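Undergrad: need the 3D shape of this:
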Amino acid sequence: MKLLFVHGWGFDAGFWRPLAAQLREWEQVIEDRGYFGAPTGPDAQVEGPCIAVTHSLGTMRLLAAPPPGLVGLVAINGFARFTARPDKAGVPVRVVDRMIRRFAQSPASVLADFRRTCGCPEGEEAADPDTLDTPLLQADLLRLRDGDSPPCPVPLLAIHGGRDPLLPPAMREEAFAREDAQRIDVPEGGHLLPLEDPALCAQAVRGMIGTLAR
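TA: Next up is the predicted model:
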């Protein structure tokens, strides 16, 4: 069994370092979207059964193109749609539209503001403007605004923080509610649970692996 890690908007493969370090007993493939350099994986690197561990937008990206061997999904701070619509809770479209407009003028500052809002420690929210793949970041902002994911085709565990500053409570409540999903709610958790509490997330991943092994 392999673990496939897929990060969210504005981060890279390094986001998974604390959690991956606690799950070294399993082979790992850590995807990098390429916001700050060359992308890596995952399609050509994942062979055989795997469990995906996704964060935020990474859940939508994974569900849009699941690897053939996917047998389970642990979605951390994840969602199948980001923005609200009349029949679905979410982040107001105007919030993402404002980000898109500002991003065209000052991508580095928008990225830093986003990371700060998510809860990045002070001093770690900024990125080198010269490394940004701004077309890719902008394309994924549009995906956040407009995208919908297909239903999850495998057993799913959703983990959410009760103090997530990005995802409204109703959105967290509805996320994957129609699917046969397990849930873990972390009352004091925010939007960066893999960084805030990697031990808890690792325990959840182990629990998912144990469930699938029965």
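Undergrad: any weak-confidence spans in the protein?
TA: In the predicted model of the chain, residues 42-45, 178-179 satisfy pLDDT under 70.
Undergrad: and the helices in it, which stretches?
TA: Counting by DSSP state H, the chain has helices at residues 17-21, 57-64, 93-105, 107-118, 134-146, 169-174, 193-196, 198-213.
Undergrad: so what touches the first one?
TA: By C-beta atoms under 8 Å, 6 or more residues apart in numbering, the list of residues contacting helix 17-21 from outside reads 3, 5, 28, 30, 53, 194-195, 198, 201-202, 205. Just so you know, the C-beta spots here come from the backbone N, C-alpha and C atoms, and that holds for glycine as well.
Undergrad: now tabulate the helices of the chain in CSV and tack on mean neighbour count and distance to R85.
TA: Below are the helices of the chain laid out as CSV (neighbours: other C-beta atoms under 10 Å; distance: least, C-beta to C-beta, whole Å):
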stretch, mean neighbour count, distance to R85
helix 17-21, 17, 32
helix 57-64, 23, 15
helix 93-105, 14, 8
helix 107-118, 18, 22
helix 134-146, 16, 10
helix 169-174, 16, 11
helix 193-196, 22, 26
helix 198-213, 16, 29
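Undergrad: dump the ones you listed to CSV, plus distance to D128.
TA: As requested, those are exported to CSV (distance: least, C-beta to C-beta, whole Å):
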stretch, distance to D128
helix 17-21, 19
helix 57-64, 21
helix 93-105, 16
helix 107-118, 8
helix 134-146, 13
helix 169-174, 32
helix 193-196, 20
helix 198-213, 25
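Undergrad: what sits against the residue nearest to the spatial centre of the chain?
TA: The residue lying closest to the centre of the chain (C-alpha atoms, centre = their mean) is H55, at 1.9 Å. Contact analysis of H55 by C-beta under 8 Å, 6+ apart lists 6-8, 11, 15, 76-78, 193-194.
Undergrad: what number of residues lie near the closest residue in space to it that isn't next to it in sequence?
TA: With C-beta to C-beta, 6 or more residues apart in numbering as the criterion, H55 has its nearest non-adjacent residue at 4.6 Å, and that residue is G8. When counting by other C-beta atoms under 10 Å, one arrives at 26 neighbours for G8.
Undergrad: likewise the one 3 residues further on?
TA: Here the neighbour count serves as a burial measure; for F11 (other C-beta under 10 Å) it reads 26.
Undergrad: ok, for G72, nearest residue in space, not its chain neighbours?
TA: Take G72 and drop its neighbours on the chain: the residue closest to it by C-beta to C-beta, 6+ apart is I51, 4.3 Å away.
Undergrad: same thing with R102?
TA: Excluding the flanking residues, the one nearest R102 by C-beta to C-beta, 6+ apart is V110, at 5.0 Å.
Undergrad: nearest to A38, out of the helices of the chain?
TA: Between A38 and the helices of the chain, the shortest separation by C-beta to C-beta is 11.6 Å, and it involves helix 134-146.
Undergrad: convert the closest one to PDB, retaining C-alpha atoms only.
TA: Output of helix 134-146 as PDB, limited to C-alpha atoms (Å, rounded to 0.1, in the frame of the first residue of the first chain):
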ATOM      1  CA  THR A 134       1.500  32.800 -11.800                       C
ATOM      2  CA  PRO A 135      -0.500  31.300 -14.700                       C
ATOM      3  CA  LEU A 136      -0.900  28.000 -12.800                       C
ATOM      4  CA  LEU A 137      -1.800  29.700  -9.600                       C
ATOM      5  CA  GLN A 138      -4.400  31.900 -11.400                       C
ATOM      6  CA  ALA A 139      -5.800  28.900 -13.200                       C
ATOM      7  CA  ASP A 140      -6.300  27.100  -9.900                       C
ATOM      8  CA  LEU A 141      -8.000  30.200  -8.400                       C
ATOM      9  CA  LEU A 142     -10.500  29.800 -11.200                       C
ATOM     10  CA  ARG A 143     -10.800  26.200 -10.400                       C
ATOM     11  CA  LEU A 144     -11.600  27.200  -6.800                       C
ATOM     12  CA  ARG A 145     -14.200  29.600  -8.000                       C
ATOM     13  CA  ASP A 146     -15.900  27.500 -10.600                       C
END
